[in-house]
Structures are given as C-alpha cells and as structure tokens.
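Chemist: I'll drop the sequence and a predicted model, then ask my questions.
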Amino acid sequence: MPLRMLMMLAVLVALPPALYAEITPREAQRYCVDIALLKGGVELRGTVLSHNAHELKLVVQRDWLVAKQPEMAQTLSDESIAQAAAAREELLKRITIWQAERQADTRLVAVLKQQRRRLEKPAPQVPEPASQFVVVTLPAQRIRKVYSTSDNSRQLAMVAWQLRLLRVEDSAFGPLKTTVTALVPDWPTMKVDLADRLPTGEPQSADEWAARQAIFEYEYRQRLDFQGTGNLIVRVGEGAEKPNLGELLAETAADSLQGELSGLGLEGLGIDLGPAQKSEKPAAADWQQTAIAEAKTLDSRGFCVTRVPKITGAGPATVTVSFFIRLSSGDYRMIWTHESTTDPSTIPEKDLASIEQDPQVQEILKVARALSIGPDATQAVRFGAAVQASLGEAENTFFQFRQRYNDTLDGPVLVLPGT
C-alpha cells in the first residue's frame, strides 16, 4: 500500500468520533457539494472526481479542510514535498521511455525535451503559493456513504468557488444562490474551469498517464481524425483525403430512406444505392471499431471522431465530438465527449445570405435539395447553417479541453471517467 494511503489511514483511525450528528440524506440535499462520510465519523465536502470499487477521489477546498479536518490537512501538507519529488522522478522515467518510442517524431521529441529540462530544474527556494484545492484519495473500504449533489447545485458551487466566496461547503442552496446571482446573474450557463486551481505534480496511474500521452500526441504528432454521420465515418485531416460531406450525409439519408429514394436521382451525387445486398450496413457500434482499427494500424495513442446529424430538414442540428485514447492495456476507450445542438430557427435572417455561400453548407444544401427536404430553400439553408454552428461550438469546446492538458505533463489533475 502506498505511503500516502498508510499515513491517511493512520490519521483516520486516530481521529476522535465526530461531535455532531451524522448528516442525513435529506439534509445533504440542501447543500451544493458532494458529501463523503468516512468510517470513524469523518465528513468531507467538495466535489467527486472519481469513485469506483477501489477508491474515492474528492476535490476539497484547502481552507475548508484546514478548518474542518486539520489533522488530515496537515498529513497532506507534510507528505506533499516527498510525494512531488517521487512523482517527478517517475515522470522523468516515463518521458525517457516515450522519447525512445517516438524518436522519429521530431516535433514531439522536441516538446518532450523541453518538458524534461523544466522538470530537471532545481525546486525553487521560495515555495509556490498553495493551490485553492487539494485532491483527497481514499481507499474504498474507508468510505461509508457518498451523497452526490445535483448538477444544478454543483454548478452553483463551482461558480461560487471561482468567485472565491466563503463558506460554500456549508451554505444551503437558497442563500448561496441569492449571493451568486447578485454577482453573476447568468451563473447556470456560465462556463467554469477550475483546473488551474488544482495541485500539480500528483501521481498518475498507468491509464491517466496514457491519457496524457494521447492528448500530447494528438497535438504534436500527425493527428488522427474521423468525421461521419450515422454508422458511417471516414478519416479526415492530416494524411487523409478530404471527404465529400454531401456524400456522407446523402449516404446516411439513404440508410434510413432507401425504399423511398430510388427515384430521386442520387446517382448525380455520386451515391450508388445498388441492390439491397450491397447496402447492408454495420451494427451501430461499428463506427467505433472502424476508427479503432485505423488507430491500431497507425499506432495512434488518441483520435477524435466528429459525428454530424442525419438530414431531416427540421428540428435541431446536433454534432458530437468524442476523443478516444489507448489505455495501458492496449484497448481504446472514449474519455471525453461533447454534444452541441443548434435550433435552425435561431439563425438570424440577415445571416442567411452569407451563410449560404459557405462551402460546407453548400454541400449540405446539395443533398437536402436533392432529397426534396423542407418546403423551401430557406429551410435547407437554416439547417445547413445550424449544422455548422453546432460543429463550431463542439470543436471549440474540444480545443479548450486539450489546452487544459497539453501545456505540461505534470498537471493539472486528469481523471478518467468511470467505465
């Protein structure tokens, strides 16, 4: 068992029984944070990073931990220097192995050398300011109960933490909402990123390290990207031929409407519907297997899949961007996904003329019009513009996700989603 875990267990055993009544599920719902009850009467409040059969990772405000659980806070502080040194040595070994594996990728190797030089520098004489949050990792056998707050309440707490308000963990939803709303009226939709307030230099599991490698290689090696709709995806971007978006969308429409489309002249779009036996499509999950097979062939640690909607001519246009990594086991798994939806009716009339000239919108319109979707051209233009708007928002969010982790190899904390 790691030294950190042994020291934490010793602290928990030594703590006196709680002097207050244990919080009930009903009472826990009043607050905007996750609440973990540990064996021995210890209560922690913060937000859960991960919780599985082996351990619980909870992000806790440092000031709150010092005030409410000073013994635990002191233990974390005492071991932080030794832990950081050990994690740095492990990271340097991993970088050495990585450089040897990718020695032909000059751009990536140059970045890894920069990371090595930074990590090998002597620690500063003056310690850096303590992070706002600490990550408390506890074995599953020490956990009695975990009360998870609602998404709305968690968003409120996140905004309050970003504003550095006091007593967030001890404030009920109503009073905290009043305070936050006075400062940030649109808090429910505010984007909050507290990654830079988490500690750096934390130990990384084999799969967490694999995820960080995948993100770095996506930035500094040739990228592997796929785009598609329905069950059909094709490789795009670096090293791939540019796909015909119109053909992708038309083929997807043909999947669901083949019986009605035989007389619509799709051959003019380059789509050969052919006999029924030629049109058999793979199972719903096969788009993932197609991408994974390509990734294995190219020895890619990570890849991105962008999936656009089928043409309907009405209703919202949804785009989903997903990032997959190669785990330490060699299997691939999705670790990040984002869905963006745009209602075509929200596209301003004054923007339609310029939007219609966009090359990708033109491809979408070509298919929409060939399929006689929508009562008029304006509806088709709106739908094409909505697809583009969703695509732009999703790609921007993916960029922000990558930017969080592709600057340094020792932070911020990267936690994989549960399986």
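Modeler: Sure thing, it's come through.
Chemist: wait, Arg338 touches Leu391, no?
Modeler: One correction, residue 338 is His, not Arg. No. Between His338 and Leu391 no contact is recorded; they are 11.4 Å apart, counting by Cβ atoms under 8 Å. For the C-beta atoms, the positions are set from N, CA and C on the backbone; glycine is no exception.
Chemist: which neighbours do these two have in common?
Modeler: Common contacts of His338 and Leu391 (Cβ atoms under 8 Å, 6 or more residues apart in numbering): none found.
Chemist: all the strands of this structure, residue numbers only.
Modeler: 34-38, 43-51, 55-61, 133-139, 143-147, 225-229, 232-236, 302-307, 317-326, 332-342 (DSSP state E).
Chemist: where do the helices of the stretch 101-250 of the chain begin and end?
Modeler: Ranges of helices within the stretch 101-250 of the chain are 106-120, 151-162, 173-183, 206-220, 245-261, based on DSSP state H, counting those that start in this stretch.
Chemist: let's have those helices in a markdown table, adding distance to Met334.
Modeler: Below are the helices of the stretch 101-250 of the chain laid out as a markdown table (distance: least, Cβ to Cβ, whole Å):
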| stretch | distance to Met334 |
| --- | --- |
| helix 106-120 | 23 |
| helix 151-162 | 20 |
| helix 173-183 | 32 |
| helix 206-220 | 11 |
| helix 245-261 | 21 |
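Chemist: out of these, flag the one nearest Gln403.
Modeler: Gln403 lies closest to helix 206-220 among those, at 9.2 Å (Cβ to Cβ).
Chemist: extract the CA atoms of that closest one and return them as PDB.
Modeler: In PDB, the C-alpha atoms belonging to helix 206-220 read as follows (Å, rounded to 0.1, in the frame of the first residue of the first chain):
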ATOM      1  CA  ALA A 206      -0.900   4.000 -15.900                       C
ATOM      2  CA  ASP A 207      -4.100   4.900 -17.600                       C
ATOM      3  CA  GLU A 208      -4.100   8.500 -16.500                       C
ATOM      4  CA  TRP A 209      -0.500   8.700 -18.000                       C
ATOM      5  CA  ALA A 210      -1.800   7.000 -21.200                       C
ATOM      6  CA  ALA A 211      -4.500   9.700 -21.500                       C
ATOM      7  CA  ARG A 212      -2.000  12.500 -21.100                       C
ATOM      8  CA  GLN A 213       0.300  10.900 -23.700                       C
ATOM      9  CA  ALA A 214      -2.700  10.600 -26.100                       C
ATOM     10  CA  ILE A 215      -3.500  14.300 -25.700                       C
ATOM     11  CA  PHE A 216       0.100  15.400 -26.200                       C
ATOM     12  CA  GLU A 217       0.500  13.200 -29.300                       C
ATOM     13  CA  TYR A 218      -2.700  14.500 -30.800                       C
ATOM     14  CA  GLU A 219      -1.200  18.000 -30.600                       C
ATOM     15  CA  TYR A 220       2.400  17.200 -31.500                       C
END
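Chemist: outside of it itself, list whatever touches it.
Modeler: Here helix 206-220 makes contact (Cβ under 8 Å, 6+ apart) with 94, 98, 102, 105, 107-108, 111, 204, 224, 300-304, 323, 325-328, 335, 402, 405-406, 409, 414-416.
Chemist: likewise for stretch 339-347?
Modeler: The contact list for stretch 339-347, computed with Cβ under 8 Å, 6+ apart, reads 314-321, 355, 379, 382-383, 385-387, 389-391, 393-394, 397.
Chemist: apply 10 Å and report the result again.
Modeler: If you take Cβ atoms under 10 Å, 6 or more residues apart in numbering as the criterion, stretch 339-347 is touched by 307, 309, 312-322, 355, 374, 378-397.
Chemist: fine by me, thanks again.
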